[in-house]
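In: below are the sequence and a predicted model for it; my questions follow.
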Amino acid sequence: MSPAEDDPQRILIVDDEPAVREALQRSLAFEGYGTRVAVDGYDALAMAEAYAPDLIVLDIQMPRMDGLTAARRIRATGSTTPILMLTARDTVGDRVTGLDAGADDYLVKPF
């Protein structure tokens, strides 16, 4: 379901791969969502605070700060914003680690 046009839900997309960021941003914008992008965990922390997203889509494998660390730090602030891990890591252990880090759901690329 798309958000209301006058109050679009905000989604923060965090991924170091430009093609993934752009595809997600384009698809979500087409459906009426407001989007912002970040390229690593450090940018994600800053954007999560400044942008106040309704959802964070977070890759794990990124430079400077990985998505697991970013998720833990976001949760440490008391944030309850839903976090969707979107990553190539596909083992059961990876999923458990992602959920333990604070993700609400875990989706493996390609999707």
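Out: Perfect, thanks for sending it. Residues are numbered from 1 along each chain as shown.
In: remind me which residues of the chain are low pLDDT?
Out: 1-6 (pLDDT under 70).
In: state the phi and psi torsions of the residue sitting nearest the centre point of it.
Out: Closest to where the C-alpha atoms of the chain average out (Cα atoms, centre = their mean) is residue 57, at 1.9 Å. In terms of degrees, to the nearest 10, the main-chain angles of residue 57 are phi -100, psi 120.
In: isn't it up against residue 25?
Out: No. Contact criterion Cβ atoms under 8 Å: residue 57 and residue 25 do not qualify, at 9.9 Å. For the C-beta atoms, the positions are set from N, CA and C on the backbone; glycine is no exception.
In: who's in contact with the residue nearest to the centre of the chain?
Out: 11-15, 24, 84, 86 (Cβ atoms under 8 Å, 6 or more residues apart in numbering).
In: same deal with residue 8?
Out: Residue 8 touches 32-34, counting by Cβ under 8 Å, 6+ apart.
In: now the strands for the chain?
Out: 10-14, 34-38, 55-58, 83-87, 105-108 (DSSP state E).
In: distance to residue 66 for the ones you listed - can I get that in CSV?
Out: Shown next, in CSV, are the strands of the chain (distance: least, Cβ to Cβ, whole Å):
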stretch, distance to residue 66
strand 10-14, 10
strand 34-38, 13
strand 55-58, 10
strand 83-87, 10
strand 105-108, 14
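In: wait, which of those is closest to residue 49?
Out: Residue 49 lies closest to strand 10-14 among the strands of the chain, at 10.5 Å (Cβ to Cβ).
In: helices and strands around that closest one, which ones?
Out: helix 18-30, strand 34-38, helix 41-51, strand 55-58 (3 or more Cβ pairs under 8 Å, 6 or more residues apart in numbering; DSSP states H and E).
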